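> have a look; sequence and predicted model below, questions after that.
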Amino acid sequence: MASFFDALFLQAGYNAALVALGAALLGFAAGSGGSFLFLRKRALVSDAVAHATLPGVGLAFIAMVSFGGDGRSLIGLLLGSAATAWAGLLAVEWMVRRTRLSEDAAIGAVLSVFFGIGVVLLTVIQGMDRGRQAGLEDFLLGSTAGMLFQDAVLIACGGALVVAAIWLLRRPMTLVAFDPAFAAARGVNVRRVDLAMMGLVMAVTVIGLKLVGLILIVAMLIIPPVTARFWSERAETVVWVAGVLGAVSGWVGAALSASAPAMPTGPIIVLVAAALFAASLLFAPARGVAATILARRGFQARVHRRQGLLALSRAEPIHDPLTKRILTREGLMRPDGVATEEGRAAAAKVARDEHRWSIARRMHQDTALTGRYDGLTPIEQVFTPDEIAMFDLQIPRARGV
Amino acid sequence: MPKLSLVSDAPALDPASPLAVRGLTVSYGDKPALFSLDACFPAGAMSAIVGPNGAGKSTLLKAALGLIPRVSGEISVFGQAVDQARDLIAYVPQRASVDWDFPTTAIDVVLMGLYGKLGLWQRISGAQKTLALSCLDRVGMADFADRQIGQLSGGQQQRIFLARALAQDADLYLLDEPFAGVDAATEAAIIDVLKSLKAEGRSVIAVHHDLGTVPDYFDHVFLVNLRRIAEGPVDEVFTPAILSETYGGRLAATQIDRLVGLGA
C-alpha cells in the first residue's frame, strides 16, 4: 500500500515517475481526442488505426537495419507505425466512400489484414541475423521497463501537440460530429475535418504504442469519453472531462503497476479507466443506472398515486395492490379502501386539476405550455394564478356555486 | 404549358436572384433525381418548392448547396458561386438528420450558427451569448436555452434549428420541410419568423409538403417532379392544371379544386 502512495506521489524512483507522468499526459490526449470520435459515432475506426501501426513498426525496423543501424530508434519506429496507420485509415475511408461496403465491414477488413501483415513482418524479423529485434513485440501490449527520459519527452511533446490541435479544432469537429449537413452547408470541409479527427487519434495511438501498446490504446481512446458522457450534457465539457479521466487513469494505473513487481502498466491503466467507467455507469446522476431506476420508481409511484386519487374522486374501487399500498402509506386511504379526510381533499384537488387542464388545452393553443400536460405536472407549475382563475370560470360547477 | 427540353435554353443566371439554377442534373447511382432543371427564385420573397414524394425537392436544396455532387449544371447565389456565398446562406436541414442524444444544449446549437464568424481562436463572448439568446427568444424558446436537445419536443427542436439559422444573419434562408412533424403552434411561430425575415428584405426558400397552406404562406412557388414543371407567383402558377401535371394521378381532381379554391 505504501509503495502505491509512493508511486502516486512520484516518490517511487526515477523510472516510475517518468512512466506516471507520461501515462497521465497520454491519458489526457487520448481521452479528449477520442471524445470526438465517440461523438461522431466512429469509435471503432481507432481500432483499425491501432492495428494498422504494426506493419509500420516492422517496416521501420527493417529499413533502419538495412541502413546499418540496430533498428531500435523509437522515433524511427513510431514514424513507420504512423505511416502504415495513415494508410490503414485512408483505406477504411476510401472503401466507405467509393464502395457499398459499410464502415464496420471496412474496419474489420483493414484491421485484420494490416495486423496480419504486421505479424508476418515481425516473424521475418525474428529470423534476421542483424539488428536488436528483441522487444519489438512489446508494441502489442506496451512495456514500461527501460523507459528512457527521451521516450517520456516524446510522449509529453506529442501529447501536448495533440491537445493543442484538439483545442484549435474543437468547434469544426463538434459541428461535424453533431450535424454534418449543416457543417457542409456552412462551407466546412467535412471530409478534411474527419481526416483531422482521425489524424489526431492516430497521433495518440502512435505515441501511446510504447506505453500501452496497440491492442489496448483503443480502450484509452474510447472508455474515458463514454465515462464523461455520463456526467455532462455538453460536448465541450465531455471532451475535457474525458481528458481528465484519461489522465487520472494513466497516473493511478502507472502508480498501481509500479507498486508491485511484474504488474503490466498498460492493462492496469485500462482497468483503472474501466473502474471509473463502471462507477459512472452505476452512480452518475441523471444518466446512471441507479438514478434511472430511482427515477422510474418515483415516476411509477407518482402515476399510481395520481390514478388512485382520480379513482377516489370518482368513488371507483381500487384493485391495483401498488396503488393501494401507496395511498394507505401516505394516509390517503384506509386499509379497507375508504378515503380518509386528507384523501378526499387530495382527490378533489386532483380532479379539479384534471378539469383545469382540459380547459387549458382548449383555451391555449401554445403547445409549449399545454404540451407539459403529462398527467403528473401540477397545473400551478405551468400557468399563473390569474390564468388558472380564468380556467375556473369555465368549470360549470365552480360557476354555478 | 412549360416546355420540356433536354438542353437548357434558359437565359444566363440572374445575378439578382438569391438562388438561380441552370441545367441542373443530379443522380443517385444511375437514376436521375433531377433532370436538366432551371430555376430562378426571386429576391426578398417567400418561395415554396413543391412536388410529390421523391420528386427531388430536398435534392434541389442539397445540390444547390453543394452537399451532393451534381452531374451537370450551374448554380448561382446572388450572382456568385455557392462557395463564395456561404456566409449569405443559412440552411435548416431536415429535423431527422441529427442524433438527438448528442451532448448539446439548445443555446449551444444556436451558437453553432456563429462559428463561421468566430474562427478557430476566438472565445465566445458575452455579446454573442446575448445574441444567441435573442434568437432563441425570437422563436419563443428562450426559457429552454439550457435543455439538452433530446428533451425537447419535435416542434421545439425545429424552432432551435431555425434560431441557429437566425444567428447566422444570412440573406438567403433555405429550409428543408420546416413544418414536417411539428405541432400547429410551432408551425405558426415558424411562419411568423419567416414572414419577419421577408419583411427585413431577406429571401426564404422552403421545401414544403402541405399543399393546403401554400397560398397562405408563400408568394412564389416552384413545382418540381424530376424536371421543372412550373415556376412563378402563387396566384399564376398554383392552378389545377399545373398541380395535376406535377402530381400526375396522385392527387384527385376534387382535392386539387379544394386546394386551389382555398387560395382564391
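Ah, there it is. Numbering: from 1, shown residues only, chains lettered A, B, ... in the order given.

> can you show me the strands along chain B?
Counting by DSSP state E, the segments of chain B that form strands are B:19-28, B:31-41, B:46-50, B:72-76, B:89-92, B:172-176, B:203-207, B:220-225, B:227-233.

> okay, these in JSON lines with mean pLDDT and mean neighbour count next?
Placement of C-beta: from N, CA and C, glycine included. Formatted as JSON lines, the strands of chain B follow (pLDDT from 0 to 100; neighbours: other C-beta atoms under 10 Å in any protein chain shown):
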{"stretch": "strand B:19-28", "mean pLDDT": "91", "mean neighbour count": "20"}
{"stretch": "strand B:31-41", "mean pLDDT": "91", "mean neighbour count": "20"}
{"stretch": "strand B:46-50", "mean pLDDT": "95", "mean neighbour count": "26"}
{"stretch": "strand B:72-76", "mean pLDDT": "92", "mean neighbour count": "18"}
{"stretch": "strand B:89-92", "mean pLDDT": "94", "mean neighbour count": "24"}
{"stretch": "strand B:172-176", "mean pLDDT": "95", "mean neighbour count": "24"}
{"stretch": "strand B:203-207", "mean pLDDT": "96", "mean neighbour count": "25"}
{"stretch": "strand B:220-225", "mean pLDDT": "94", "mean neighbour count": "23"}
{"stretch": "strand B:227-233", "mean pLDDT": "92", "mean neighbour count": "19"}
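
> and these: which comes nearest residue A:168?
strand B:89-92 (25.1 Å; C-beta to C-beta).

> near chain A, which residues of chain B?
B:62, B:65-67, B:83, B:86, B:89, B:91, B:93, B:97-99, B:102-105, B:108-109, B:112, B:115-116, B:118, B:120-121, B:140-141, B:148, B:153, B:155-156, B:164, B:174, B:183-186, B:188 (C-beta under 8 Å from any C-beta of the partner chain).

> quick one on the thing from earlier: dump the strands of chain B to a markdown table, plus distance to residue A:137.
What follows is those, written out as a markdown table (distance: least, C-beta to C-beta, whole Å):
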| stretch | distance to residue A:137 |
| --- | --- |
| strand B:19-28 | 48 |
| strand B:31-41 | 52 |
| strand B:46-50 | 61 |
| strand B:72-76 | 55 |
| strand B:89-92 | 51 |
| strand B:172-176 | 53 |
| strand B:203-207 | 58 |
| strand B:220-225 | 62 |
| strand B:227-233 | 64 |
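
> any idea how far chain A is from the residue nearest to residue B:63 when sequence neighbours are not counted?
Spatial nearest neighbour of residue B:63, excluding adjacent residues (C-beta to C-beta, 6 or more residues apart in numbering or on different chains): residue B:26 at 4.7 Å. Residue B:26 sits 15 Å away from chain A, going by C-beta to the nearest C-beta, to the nearest Å.

> residue A:185 contacts residue B:91, doesn't it?
Yes. Using C-beta atoms under 8 Å, residue A:185 is in contact with residue B:91, at 3.8 Å.

> returning to what we had before: of all the strands of chain B, which lies closest to residue A:379?
strand B:89-92 (33.9 Å).

> hang on, the earlier thing: ok, now which ones touch the residue nearest to residue B:63?
Going by C-beta atoms under 8 Å, 6 or more residues apart in numbering or on different chains, residue B:26 touches B:32-34, B:56, B:59, B:63, B:68-71, B:73.

> which element is the closest residue in space to residue A:289 that isn't next to it in sequence on?
Nearest residue to residue A:289, sequence neighbours excluded (C-beta to C-beta, 6+ apart): residue A:282, at 5.2 Å. Assessed by DSSP states H and E, residue A:282 sits inside helix A:265-283.

> averaged pLDDT, that helix. What do you get?
Confidence for helix A:265-283, expressed as mean pLDDT, is 94.

> tell me the one of the contacts of residue B:26 nearest chain A?
Closest approach between the contacts of residue B:26 and chain A, by C-beta to the nearest C-beta: residue B:68, at 9.5 Å.

> and the closest one, what's its pLDDT?
90.

> now for it, how many residues are close by?
17 (other C-beta atoms under 10 Å in any protein chain shown).

> same check, this time on residue B:151
As a burial measure, residue B:151 scores 13 neighbours (other C-beta under 10 Å).

> what of residue A:60?
23.

> buried residues, the helix or strand harbouring it. List them.
Assignment of secondary structure by DSSP H and E places residue A:60 within helix A:53-66. Buried positions in helix A:53-66, judged by neighbour count with 16 or more other C-beta atoms under 10 Å in any protein chain shown: A:53-62, A:64-65.

> with stretch B:75-94 instead?
Applying 16+ other C-beta under 10 Å to stretch B:75-94 flags B:75-78, B:82, B:85-86, B:88-94 as buried.

> that stretch: end-to-end distance?
Separation of the first and last residues of stretch B:75-94 by C-alpha to C-alpha, to the nearest Å is 22 Å.

> the top helix by length along chain B to strand B:46-50, inter-axis angle?
The helix that spans the most residues within chain B, counting by DSSP state H, is helix B:184-199. On the basis of axes from the mean of the first three to the mean of the last three C-alpha atoms, to 10 degrees, helix B:184-199 is oriented at 130 degrees to strand B:46-50.

> distance between helix B:184-199 and the chain's centre?
The chain centre lies 13 Å from the centre of helix B:184-199; the measure is C-alpha atoms, centre = their mean, to the nearest Å.

> returning to what we had before: buried set for the helix or strand just after the helix holding residue A:282?
Where DSSP H and E defines the elements, the next helix or strand beyond helix A:265-283 is helix A:289-313. Across helix A:289-313, burial judged by 16+ other C-beta under 10 Å covers A:301, A:303-313.

> which other helices and strands contact helix A:289-313?
In terms of contacts (3 or more C-beta pairs under 8 Å, 6 or more residues apart in numbering or on different chains; DSSP states H and E), helix A:289-313 is packed against helix A:265-283, helix A:321-329, helix A:341-363.

> returning to that earlier point: closest to residue A:83 out of the strands of chain B?
strand B:19-28 (36.1 Å).

> tell me the strands beside the closest one, with direction?
Its sheet considered, strand B:19-28 pairs with strand B:31-41 (antiparallel), strand B:72-76 (antiparallel) by DSSP bridges.

> mind checking those strands for the one nearest to residue A:97?
strand B:31-41 (19.4 Å).

> returning to what we had before: overlap in contacts, residue A:185 and residue B:91.
Here residue A:185 and residue B:91 have B:65, B:174 as joint contacts, going by C-beta under 8 Å, 6+ apart.

> what segments of the stretch 51-200 of chain A are helices?
A:53-66, A:74-98, A:103-126, A:138-141, A:149-178, A:180-185, A:190-208 (DSSP state H, counting those that start in this stretch).

> likewise the stretch 1-150 of chain B?
Counting by DSSP H, counting those that start in this stretch, the helices of the stretch 1-150 of chain B are B:57-64, B:106-112, B:115-118, B:126-138.
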